[in-house]
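Colleague: 3D, please:
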Amino acid sequence: MTTLNINGQNRTVDADPATPLLWVLRQDLNLTGTKFGCGMALCGACTVHVNGQATRSCVTPLQNVAGQQVTTIEGADDRVSRAVQQAWIELDVAQCGYCQPGQVMTAAALLRSNPRPYEAAVQAAMSGNLCRCGTYPRIRAAVQRAVQLLAA
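Modeller: Next comes the predicted model:
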């Protein structure tokens, strides 16, 4: 049995400690907003926050997050996350939407650590998240819009 703090609530799961966090979230806790993409931490679809840091849940063993604060897209409700989500909606970023939870989580982590990133910093932070639909210009614009929303 492993106890996790998921989205501000302690949850206990009966899973092998080596199980990737992604599968515990999706299968044991029914938090399906976090998506499976590649299974190798290359696409970013599975991004969650662990203690505020963007983390690829597909390669993060359950044992590594015991006692840590894990936030999924379902729990992303702080000021920064809300600004990012509002910007995503305003700029109609999502096309198919599959990668968007990971994109939003990565953008929120960036803006928490760097509230006024230059374009190069946005490009670098978001480059690890793939979008099969190619909405990269809208994603970058939405990150900058979130910066504006947070400054207001």
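Colleague: what about the longest helix in the protein?
Modeller: helix 136-151 (DSSP state H).
Colleague: neighbours of residue 65, how many?
Modeller: Residues near residue 65, counting by other Cβ atoms under 10 Å, number 21. Glycine gets a C-beta too; all of them are placed from N, C-alpha and C.
Colleague: leaving out chain neighbours, which residue sits closest to the residue nearest to the spatial centre of the chain?
Modeller: The centre of the chain sits closest to residue 105, judged by Cα atoms, centre = their mean, with a distance of 2.6 Å. What sits nearest to residue 105 in space, not counting adjacent residues and going by Cβ to Cβ, 6 or more residues apart in numbering, is residue 47, at 4.4 Å.
Colleague: pretty sure that neighbour sits against residue 58.
Modeller: No. Here residue 47 does not reach residue 58: they are 9.3 Å apart, not a contact under Cβ atoms under 8 Å.
Colleague: and those two? Which one has more around it.
Modeller: A direct count of neighbours by other Cβ under 10 Å for residue 47 and residue 58 places residue 47 higher, at 30 against 24.
Colleague: A helix includes residue 3, no?
Modeller: No. Using DSSP: H, G, I helix; E, B strand; the rest coil, the secondary structure at residue 3 is strand, not a helix.
Colleague: secondary structure element for the residue nearest to the centre of the chain, which one?
Modeller: helix 100-113 (DSSP states H and E).
Colleague: using CSV, write out every CA atom in that helix.
Modeller: Provided in CSV are the C-alpha atoms of helix 100-113 (Å, rounded to 0.1, in the frame of the first residue of the first chain):
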residue,chain,number,x,y,z
GLN,A,100,-3.5,19.7,-24.0
PRO,A,101,-3.5,18.5,-20.4
GLY,A,102,0.3,18.0,-20.6
GLN,A,103,0.8,21.3,-22.4
VAL,A,104,-1.2,23.2,-19.8
MET,A,105,0.7,21.5,-16.9
THR,A,106,4.0,22.3,-18.5
ALA,A,107,3.0,26.0,-19.2
ALA,A,108,1.8,26.4,-15.6
ALA,A,109,5.0,25.0,-14.2
LEU,A,110,7.0,27.4,-16.4
LEU,A,111,5.0,30.4,-15.4
ARG,A,112,5.4,29.5,-11.7
SER,A,113,9.2,29.5,-12.0
